[in-house]
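# Predicted model follows, preceded by the sequence.
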Amino acid sequence: MSDRIDRMGRLLVVVVGVLVAALVGWLLFVEYVTNIADLLGILLVILVAGVGLRLASGFAGSKFPQYNVAEVGVEGPITRDGGGSKPIPTGPVGATADEIVDQVEQADDDPAVDALLVHLNTPGGEVVPSDDIRNAVEAFDGPTVAYATDVCASGGYWIASGCDELWARDLSVVGSIGVIGSRPNLADLAERLGVSYEQFTAGEYKDAGTPLKQIEPEEREYLQSIIDDLYGKFVGRVSEGRELTEGEIRETEARVYLGDDAAEMGLVDSLGTKEAVKDRLEEELGEEVTVREFEPQRGPLARVGMGARTVAYAFGAGLASRIDADGLGFEFRT
């Protein structure tokens with residue numbers, strides 16, 4: 001009954017808005033401006049009516065929302081800024097972690113939204129941005145369901161563990177609960193080219209992981225300890241969110257599994273299409289579900305920049321990015 005009233009209310013607001021705009025246009029451009037050709041007046045009336053339709057539709061949409069579930073997508077590598085701080089993109093450009101967090105918070109603040117659907121198609125990415133998204137999802141006031149399509153690995157699974165349920169397809173690739181630290185070793189190449197590395201640092205491990213010198217045993221131990229600590233936190237997050245023991249999670253050995261195998265192991269709650277997920281949300285909410293996709297709000301310059309990085313990756317920058325674009329340092333990824 002309330003849904004029918006909402007539809008009638010939206011229709012009434014739109015009709016009234018169009019009639020008012022058309023009347024204003026007629027008075028301004030036909031009735032009182034006699035020196036303007038009738039045709040031009042009619043065109044201007046139509047233009048004003050169109051503007052009125054758009055404004056009235058927006059107002060009606062805000063007053064009588066047609067959705068009760070928000071969908072937020074996490075697609076491509078998870079990064080803080082979409083790879084924008086690096087001269088070479090690290091992968092296909094999707095929404096940045098900060099944008100995704102903002103979308104989740106907008107959905108949480110929207111009085112029309114009763115549940116959150118997190119669409120995951122990501123191989124993982126940076127550790128802290130993944131945790132930021134997970135925290136935002138976990139803080140959402142209402143049911144949260146993660147839905148994996150092609151890939152839900154590593155940082156993607158980190159995020160999924162903060163949701164109430166995780167759904168996947170039977171052929172989805174799920175898992176990779178692990179952490180990797182990487183550095184290119186250019187020491188031999190530098191030696192052949194006659195390039196030497198001179199150290200000017202304060203602190204014994206300040207240049208640990210620098211690619212222009214061979215890594216020392218104590219440096220390797222130090223960096224591995226960071227990897228182990230991050231892995232322990234990852235396992236703890238998943239154990240808490242998925243109600244699995246830490247031993248069960250470590251036994252996966254950071255492998256990936258197809259959806260049906262992941263479901264048998266308890267890494268996934270249910271298998272099904274997006275329609276099945278919507279049916280589950282309808283069961284949870286006790287009413288018909290309409291999903292609205294929340295997207296990043298970007299200005300023209302930001303859209304151009306993201307588009308340029310996408311084109312750069314498509315032309316082969318992804319291959320080049322396998323070498324640390326900063327030229328220094330040790331990179332941690334989930």
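On my side now, so go ahead.
# which SS class is the residue positioned nearest the centre of the chain?
The centroid of the chain falls nearest to Val74 when counting by CA atoms, centre = their mean (2.8 Å). At Val74, secondary structure determined by DSSP: H, G, I helix; E, B strand; the rest coil is strand.
# Assess the claim that Val113 and Val72 are in contact.
No. Between Val113 and Val72 there is no contact under CB atoms under 8 Å: 10.6 Å. Heads up, the C-betas are built off the backbone N, CA and C, glycines and all.
# between the two, who's got more neighbours?
More crowded of Val113 and Val72, by other CB atoms under 10 Å: Val72, with 26 against 20.
# is it true that that one touches Ala115?
No. Applying CB under 8 Å as the test, Val72 and Ala115 come out as separate, 11.6 Å apart.
# joint contacts of Val113 and Val72?
Residues touching both Val113 and Val72 (CB atoms under 8 Å, 6 or more residues apart in numbering) are Ala107.
# can you give me the strands for the stretch 51-200 of the chain?
69-75, 115-122, 144-153, 165-168, 173-175, 180-182 (DSSP state E, counting those that start in this stretch).
# Go through these and name the closest to Gly266.
Proximity to Gly266, assessed across these by CB to CB, is greatest for strand 165-168 (10.1 Å).
# Partner strands of that closest one and their direction?
strand 144-153 (parallel), strand 270-271 (parallel) (DSSP bridges).
# Sketch out the low-pLDDT regions of the chain for me.
Scanning the chain for pLDDT under 70 picks out 1-10, 13, 25-43, 45, 49, 53, 55-65, 82-94, 297-332.
# Quickly list the domain ranges of it.
The chain breaks down by automatic domain parsing into domains covering 2-63, 69-333.
# which of these is buried the deepest?
Compared across the domains of the chain, domain 69-333 shows the largest average neighbour count, a mean of 18 (mean count of other CB atoms under 10 Å).
# what separates that domain from the chain centre, distance-wise?
9 Å (CA atoms, centre = their mean, to the nearest Å).
# What's the end-to-end length of it?
Taking CA to CA, to the nearest Å, domain 69-333 runs 31 Å from one end to the other.
# Could you do stretch 182-191 as well?
Start-to-end, stretch 182-191 (CA to CA) is 21 Å.
# what's the closest non-adjacent residue to Ala97?
Spatially, and ignoring its direct neighbours in sequence, Ala97 is nearest to Pro129 (3.3 Å; CB to CB, 6 or more residues apart in numbering).
# Would you mind measuring from Ile78 to Leu19?
Distance, Ile78 to Leu19, by CB to CB, to the nearest Å: 49 Å.
# sorry, that was for Thr201
Taking CB to CB, one finds Thr201 at 74 Å from Leu19.
# ok, now Val179?
Distance of Val179 to Leu19, given as CB to CB: 61 Å.
# do Glu105 as well
Glu105 is 38 Å from Leu19, where distance means CB to CB.
# Any chance of TSV for the strands of the stretch 51-200 of the chain, columns distance to Arg280?
TSV is the format used below for those (distance: least, CB to CB, whole Å):
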stretch	distance to Arg280
strand 69-75	11
strand 115-122	10
strand 144-153	7
strand 165-168	7
strand 173-175	18
strand 180-182	33
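# With respect to Glu288, which of those lies nearest?
Checking the strands of the stretch 51-200 of the chain against Glu288 by CB to CB gives strand 69-75 as the closest, at 10.3 Å.
# The closest one vs strand 115-122, what angle?
Relative orientation of strand 69-75 and strand 115-122, computed by axes from the mean of the first three to the mean of the last three CA atoms, to 10 degrees: 10 degrees.
# Parallel or antiparallel, list what pairs with strand 69-75.
Strand pairing (DSSP bridges) places strand 69-75 next to strand 115-122 (parallel), strand 291-293 (parallel).
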